[in-house]
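>>> Take a look and give me a structure for this.
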Amino acid sequence: MPKFGTKSKRVLGGLNEDLQELLSEVIKYVDISLIEGIRSLDRQKELKKLGSAKTLKSKHLTGDAVDLAPYPIDWDDEKRFIYVSGIIKGIAYQMGIPLRWGGDWNVDTLLSNRDSEQTFDDLNHFELGY
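Sure thing, here's the model as predicted:
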């Protein structure tokens, strides 16, 4: 059974309780690495300047968002990110946790297909939908 590594546990600890519960359930079914959770405004400004973030009003600032990747990480394997997002969104739905995924920003439902008009893919990003 997959389990969180040291860095992932550290990221998990800074997240909103609902995200902690969700990801603790997800890891039972699929191996993921938590990349970044709560971040400072200075870090958010740095990421925006680099073009890796689109806003300074990120849910990362409050611990209501997480960046993660299927493990082992292959940033070029888009299909794995999409597959894992389905598992995560399905578990969130079962737990009653509203969740948005950076691969379908334009869609307002928990279990949806990707929007063909998507202009910014953030396949590793998940945030609470409230």
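
>>> Run through the bridge partners of the closest residue in space to K59 that isn't next to it in sequence.
Of all residues not flanking K59 in the chain, A65 sits nearest, at 3.8 Å (CB to CB, 6 or more residues apart in numbering). (C-beta placed from N, C-alpha, C; glycine too.) Beta bridges link A65 to E127 when assigned by DSSP bridges.

>>> for A65, what are its contacts?
Residues in contact with A65 (CB atoms under 8 Å, 6 or more residues apart in numbering) are 19, 37, 58-59, 125-128.

>>> right, and the pair among these with maximum separation?
Distance extremes for those: the farthest pair is L19 and S58 at 14.0 Å, using CB to CB.

>>> More neighbours: which of the two?
Shown here are L19 and S58; by other CB atoms under 10 Å, L19 has more neighbours (24 against 19).

>>> Touching, that one and G129? I think so.
No - L19 is not in contact with G129 according to CB atoms under 8 Å; the separation is 11.3 Å.

>>> So, low pLDDT: which residues of the chain?
Low-confidence segments of the chain (pLDDT under 70): 106-120.
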